[in-house]
Each structure stands twice: as C-alpha cells, then as structure tokens.
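In: Would you be able to build a 3D model of this:
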Amino acid sequence: MSGNSKIVSIVDRKPDKRSRLKEMDALLNLDVPADRFLAELLALQCRFAGAKGGVMLRPGENKSPDILALCPLPPTGDGIPGWIVRAQAAALEVILSGETLIVPVSDMQPALDASADRLILIPVQDAGTVRAVAAFLVQAQSPAEMDTCRERLEITPFVLDHYELRLSLNNRNPATDRLRLVLEVVAVLNRSDRFISAAMALCNELASRMHCSRVSLGVNHDRHVRVQAISHTDRFRREMQLINDIEAAMEECLDQDLEVIHPAAETALYASRITAKLSKNHGSAAVLSLPIRQNGDVFAVLTLERPVERPFDILDQIEALRLICDLCAPRLFEMHARDRWFGARSAAWAREHLGRLVGPEHTWMKAGVMIVLALFVFITFVKGDYRIEASFKFEAPLQQAVVAPFDTFIKSVAVDPGDEVIAGHNILGLLDASDLRLQLAALRAEELGHEKQRAASMRDGKTVEAQIAEAQSAKTAAEIRLLEQKIAKAKLVAPITGRIVSEDLKRQIGAPVETGKILFEIARIESLRAELYVAEESIARVQVGQHGELASVSHPDQRIRFVVERINPMAEVINNTNVFRVRGRLQKQYEWMRPGMEGIAKIFVAQKPYIWIATHRIANWLRMKLWF
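Out: You can find the predicted model right below:
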C-alpha cells in the first residue's frame, strides 16, 4: 500500500481471531510515514490485547519522555490524559532497567484491586539501549488475563524492528550491495591464518556468491603461474590437463596485466585466445581472470568460471571483484610469504636486500653487512680457549667415621661440629653402658660359681664334672672379656687427628642408637681436593695433567687453579645424567674451604676456533640424531 493511498484504520476492524494474522500482515506491509505506522500499530495492539489506549514514548533531552504516537487521540482542548502523564513518569524506570513494567495508573489505587486500570510499559531496545517505550492502558480481571495481555503486547518491539528493516532494505542502492559483498568476502578471508586455507576460503566464497562453477587462485612464480586453490576441491594433481589450461589462462592475464573476459566484446583490446581454449575444452563456460597486485606488481591471478548463459557483463559485479582483489592482496601476500619454507623465505629476503647492498645508497646497511662479515671471519679463523665446564665438590683425602659399637643410648657429647680433635686424646662422647655392667656383674658371679664347682669336683675325685665346670668357667670368662671390651668402647675417642664434620649430636642425647650407626665423622681439611663431575659427552677430551680453574658458590670471585690427577673409569648417574668423576689437585688452599662445598670448574683443553666452540655441541647432537 502506498503512502498516497487511502488507509483504512485498523482500529475500525473487528477483533476476529481468524483475521488477526491478516491484520498483522497488512500492518507490516503498510508503506506510510513513521508516525502513521506507529499510530496504526498502537491501534492494532489495543484491539488484540483489549487495551483502552496506547502511547509510544521516546527518551527526550529533558526528564519527561516525548510522545511519538497516541491512540486514541484525545478530544481537542482536553489536554494530555492523566494516564499518559503517569506513563511518562514510569517510562523513566523502564529506560533504566530495560524490562517490562506493570504499574497502577494512580498511586492511590489499592494494590489488590484486580479491576483497577493498570499500565503495561514495554521497552523497545536496540543493542541493549532503550530507544522507546510503548505504554498501554489495560484493565484485567485476573492475573492470568494480565499475563495474556502482556504477552500479546510484547510483540510490539518485534513489529517495529521489522518495519525498520524493511525501510533499510528499500533504501539500499547497488553501491551499498557491492560494498557489503566485498566486506563479507574479505571477512571470510581474514578468518584464516594460513595461505592455503585463506585461498580456499576465498575461492569457495566467490563461487557461492557469484554463482560460479569453479573459482581458481594462482600465484606468480617468476612469470609462471601455479594454481594454489580451486573452489570445492581439496586436492588436485598438477599434471591434469584442466590445471594446465587454467594456469595458461592465468599467465595470459599475467602477461597482459589486464582483466581477461571470455566471451570478449568486439571492441576488446586484449587477447583471450588461451582463455577461450579453457572455456572450450572444459564445459563452454564464461571466464573472467583478474590480476591481484601488490605494490604495483601482479602477485596472483584469480579466475572465475560460470555457465555461458551468465556471462561476466555486469559492471557492478566486475567492480566488486576488482575491489575484492585489491583488499585481499595485502593479506594474501603476507600469508604466502610467511608460509613458504625457510629456504624460500631466505632467498626472497636476500634477493630483496642484496640489490640495496650493491647500490649507491644505504651506507649504514653496507657498513653493518661488512661488520657482520668481519665478525664471521673472526669467529671462523681466530682460535680461543676451549674449556670443559663441570660441577665440583671439595672432599677431604682422609675421612673416618666413628660408629656405635653396640645398641645403646647416647649419654653425653663432648665435641661440636668444626672442633679439632687429636687421635687417641680427645673424647668425643660417652654411650650408656649400665646394662652391660649389670651383665658383667652377673657373668662374674656365674664364673665364681663354676670355679667353686670345679674345686669341689676335684676334691671329691670327680674328674669329668671338674672338666665340665672348668669349660663353663672358661666360656663365662670369654663373655666377661667381650663385655669389658664393649664397656671400654662406650667411651668414644677420636681415631684420627682432624676436624669434626658431622652433625651436632647434642640434640640427640638420650636417643637410642643401633650398632653401626655413624655418630661422628672426622676429616683432615688441611689438604682438600676437588671432585669434578664431567658429562659423558666431554669426558673423552679430559686427560690427566690438564689444568683448570674452579670457583666455589661461597666465593665466586676467587679462581682456584687445579691439575687433573685422576679420572674414574666408571660412569655414575647423577640427576639422571651419566657423569665421570675427575679428581683435581688444588694448587692453593684457603682457610674458608670446607668439605662438601660446591661450585663450577672449567678444564682447559685446547685452542679451537670460536665458531667450533659455539657449534660443536649442536653438531654432535645432529650427528646422533641424523646418524652422519
């Protein structure tokens, strides 16, 4: 229905349920100004929901919303009805909350009065923002009726959205359609991060939107085009005649640096013989090839094929394809350059920059290249000290442990860690021997009884019994001597001269100890040595007599020289790594050195080129992995 045609107000129609769909359809097809459409919409909604009236409000610059449409119109001179004033006040709350609101017309009405008039306010939102509020005056007899009325009125925003969408569609022009097509195709291309997937997505999207039977994309390789993607084709063989013909048609476009269309117009100034051959040999199709340029050079060619009854003679479509090629070129070029293998990327980089190096410009770049070349020559031919790095630990050449001679308790401890002791002179501690002394007293009494029995048997002439008593007495005497030795060992005396290097036992006085448990460790620290842990990959280059330097963690500023004097031939596993013990003789010793201190040692092996020192580990790793 046009804007000049006579519109029959929907208010005058009867609210027949069978005609509601037709009435809504008639409303959606109305071609009238916005104010007239809003009035008809309010009238129709009042009829459907049984509302007494409706008003469309818009948030205004002032606090009170503006009235866009009203149904029914009040008599002239009566002013604004009170329910509309109430709706304007309640609309502010709906604008803030964005939710449907039901309020009484007057604050004086009882809250439980079911027959009282009420306002149903429905927000009309756009992207989460309330841009209008539709308010309806209703009277419901029950909560169920009120819910039904609200549900019918809540379709108002959807009807408005449909009206606006129809208006926007009617106002579109070819340029807008072309721009929309271009942006949608570019958006599909930008979803891919790899060149092949992006090229395939571009071909598939153009084949669908341009109604093409086949879309192909080829890349320029030294004036020869190689097909990279074909729409709806995951794999293809390059020896196929179809691929050869497509590449030939693309090269025809590349050589002329022009768009090639088949069938060509009579006034065309380009050659299309090879493109015509492609059309003839593979389905008699209309063909269009477009160059894709990057920095003024043809980087790729796009070829489209579709039924011959739909030739490429629409200027808008060709313009859209040109714009697509221009916008997609930087993205495709970047992904193609990035996805090439390392050698191709290096060759392209060298080809691009070598031209600058031999030219009269870019002095600083040339100087930088010369510095790099000089550095390369230096590290290749100049030799430096090759040193093998290994962790180390200080160890004493003589260290002895004092263990518990029997199961007992620690009675006292006379030394502290770090104390110096003299062999056979200093008492380290005492063990509890009270149980042994009681056993010793019992054995001595038993020995005395055997002696008396032997004497009585000899007096009575009982030789056999006397011999038995003598043997038992000898056994008891041996047990007595054993206990006496144990009791003597309860006093722990330093076995060697040195320094206590074990933990402090004073905190364990009274604790039980078992036979063989280490109680004290004594070491001579006057002449320490270094135990190096050399990795298996470097041990073959270590020899006795080589010199080196080491630094302790506690004194990293002091370098201590040493000489390799022994290499353990058996490997050990430390931290899941095979290592060999290498003993180093220190050429100088300091007061702060203690057994167990750790650090880093470096053994001087030979003079080697710097490039060999930096790369020999990687070379050895590659030899093991690649077996060469």
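In: residue boundaries of the helices in the stretch 1-150 of the chain?
Out: With helices called from DSSP state H, counting those that start in this stretch, the stretch 1-150 of the chain shows them at 20-28, 34-49, 82-97, 143-153.
In: among the ones you listed, which is nearest His450?
Out: helix 82-97 (110.4 Å; Cβ to Cβ). All C-beta spots, glycine's among them, are computed from the backbone N, C-alpha and C.
In: Mind giving me the packing neighbours of the closest one?
Out: Helix 82-97 sits against strand 53-58, strand 66-71, strand 101-104, strand 117-126, strand 129-139, with contacts defined as 3 or more Cβ pairs under 8 Å, 6 or more residues apart in numbering; DSSP states H and E.
In: Report the angle between it and strand 66-71.
Out: Angle between the axes of helix 82-97 and strand 66-71 is 130 degrees (criterion: axes from the mean of the first three to the mean of the last three Cα atoms, to 10 degrees).
In: Give me the contact list for helix 82-97.
Out: 53, 55, 57, 59, 63-65, 67, 70, 100-101, 103, 105-106, 117, 119, 121-123, 130, 133, 135, 137 (Cβ atoms under 8 Å, 6 or more residues apart in numbering).
In: domains for this protein, by residue range?
Out: 10-170, 175-339, 399-522, 527-626 (automatic domain parsing).
In: Pipe the helices and strands packed on helix 82-97 into a markdown table and attach mean neighbour count and mean pLDDT per row.
Out: A markdown table is the format used below for the helices and strands packed on helix 82-97 (neighbours: other Cβ atoms under 10 Å; pLDDT from 0 to 100):
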| stretch | mean neighbour count | mean pLDDT |
| --- | --- | --- |
| strand 53-58 | 24 | 89 |
| strand 66-71 | 18 | 86 |
| strand 101-104 | 16 | 86 |
| strand 117-126 | 20 | 86 |
| strand 129-139 | 21 | 87 |
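In: okay, the ones you listed in JSON lines with distance to Ala187 next?
Out: Listed next are these as JSON lines, based on distance: least, Cβ to Cβ, whole Å:
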{"stretch": "strand 53-58", "distance to Ala187": "34"}
{"stretch": "strand 66-71", "distance to Ala187": "36"}
{"stretch": "strand 101-104", "distance to Ala187": "39"}
{"stretch": "strand 117-126", "distance to Ala187": "23"}
{"stretch": "strand 129-139", "distance to Ala187": "25"}
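In: thinking again about what came up before, point out the one among the helices of the stretch 1-150 of the chain that comes closest to Ala286.
Out: helix 20-28 (39.7 Å).
In: any idea which of the helices of the stretch 1-150 of the chain is most buried?
Out: Comparing those by mean neighbour count (mean count of other Cβ atoms under 10 Å), helix 34-49 ranks first with a mean of 20.
In: Now do it and helix 20-28, the angle between them.
Out: 170 degrees.
In: Which secondary structure elements does helix 34-49 sit against?
Out: helix 20-28, strand 53-58, strand 66-71, strand 129-139, helix 143-153, helix 156-170.
In: What score does Arg18 have for pLDDT?
Out: Confidence at Arg18, expressed as pLDDT, is 56.
In: Gly510 touches Val413, doesn't it?
Out: No: with contact defined as Cβ atoms under 8 Å, Gly510 does not count as touching Val413 (10.7 Å).
In: could you dump the helices and strands packed on helix 34-49 to JSON lines with distance to Gln558?
Out: Below are the helices and strands packed on helix 34-49 laid out as JSON lines (distance: least, Cβ to Cβ, whole Å):
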{"stretch": "helix 20-28", "distance to Gln558": "93"}
{"stretch": "strand 53-58", "distance to Gln558": "85"}
{"stretch": "strand 66-71", "distance to Gln558": "88"}
{"stretch": "strand 129-139", "distance to Gln558": "73"}
{"stretch": "helix 143-153", "distance to Gln558": "88"}
{"stretch": "helix 156-170", "distance to Gln558": "82"}
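In: Reformat the helices of the stretch 1-150 of the chain as CSV; add distance to Leu430.
Out: Output for these, formatted as CSV (distance: least, Cβ to Cβ, whole Å):
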stretch, distance to Leu430
helix 20-28, 108
helix 34-49, 105
helix 82-97, 87
helix 143-153, 96
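In: so which of these gets nearest Ser192?
Out: helix 20-28 (40.0 Å).
In: roughly how far is the closest one from the heart of the chain?
Out: Computed by Cα atoms, centre = their mean, to the nearest Å, the chain-centroid distance of helix 20-28 equals 55 Å.
In: Mind giving me the packing neighbours of that helix?
Out: helix 34-49, helix 156-170.
In: how far does the last one sit from the chain's center?
Out: How far helix 156-170 lies from its chain's middle: 44 Å, per Cα atoms, centre = their mean.
In: how about whatever helix or strand comes next after that helix: buried residues?
Out: Downstream of helix 156-170, the first helix or strand assigned by DSSP states H and E is helix 174-190. Buried residues in helix 174-190, counted by 16 or more other Cβ atoms under 10 Å: Arg178, Leu181, Val182, Val185, Val186, Val188, Leu189.
In: What residues does the residue positioned nearest the centre of the chain make contact with?
Out: By Cα atoms, centre = their mean, the mean C-alpha position of the chain lies nearest to Asp193, the distance being 16.9 Å. By Cβ under 8 Å, 6+ apart, Asp193 lies in contact with Met335.
In: How about Gln589?
Out: Glu526, Ser527, Leu528.
In: Go again with 6 Å.
Out: Listed by Cβ atoms under 6 Å, 6 or more residues apart in numbering, Gln589 has no contact partners.
In: related to what we said a few turns ago, compare Gly510 and Val413 (neighbour count), which wins?
Out: Val413 (19 against 9; other Cβ atoms under 10 Å).
In: Run a quick check on that one versus Gln508, I expect a contact.
Out: No: under the criterion of Cβ atoms under 6 Å, Val413 makes no contact with Gln508, lying 8.0 Å away.
In: ok, back up a step: of the helices of the stretch 1-150 of the chain, which approaches Arg166 most closely?
Out: helix 20-28 (7.6 Å).
In: Run the angle between the closest one and helix 143-153 for me.
Out: Using the same axes, to 10 degrees: helix 20-28 against helix 143-153 is 40 degrees.
In: Alpha carbons of helix 20-28, as PDB, please.
Out: Taking C-alpha atoms only, helix 20-28 is exported to PDB below (Å, rounded to 0.1, in the frame of the first residue of the first chain):
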ATOM      1  CA  ARG A  20      -5.600 -11.300  13.300                       C
ATOM      2  CA  LEU A  21      -2.900 -12.700  11.100                       C
ATOM      3  CA  LYS A  22      -4.200 -10.900   8.100                       C
ATOM      4  CA  GLU A  23      -4.400  -7.700  10.100                       C
ATOM      5  CA  MET A  24      -0.800  -8.000  11.200                       C
ATOM      6  CA  ASP A  25       0.300  -8.800   7.700                       C
ATOM      7  CA  ALA A  26      -1.500  -5.700   6.400                       C
ATOM      8  CA  LEU A  27       0.200  -3.600   9.100                       C
ATOM      9  CA  LEU A  28       3.700  -5.000   8.200                       C
END
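In: Between helix 156-170 and that helix, find me the angle.
Out: Using the same axes, to 10 degrees: helix 20-28 against helix 156-170 is 50 degrees.
In: Phe236 - how many residues pack around it?
Out: Around Phe236 there are 14 residues (other Cβ under 10 Å).
In: okay, now Val301: neighbour count?
Out: By other Cβ under 10 Å, 26 other residues sit near Val301.
In: now the stretch 301-450 of the chain, which segments are flagged as low pLDDT?
Out: 344-345, 347-362 (pLDDT under 70).
In: mind checking which of the helices and strands packed on helix 34-49 is nearest Gln607?
Out: Nearest to Gln607 among those is strand 129-139 (77.6 Å), distances taken as Cβ to Cβ.
In: Next, the angle helix 156-170 makes with that closest one.
Out: 130 degrees.
In: Name every strand pairing with strand 129-139 and say which way it goes.
Out: In the sheet, strand 129-139 lines up against strand 53-58 (antiparallel), strand 117-126 (antiparallel) (DSSP bridges).
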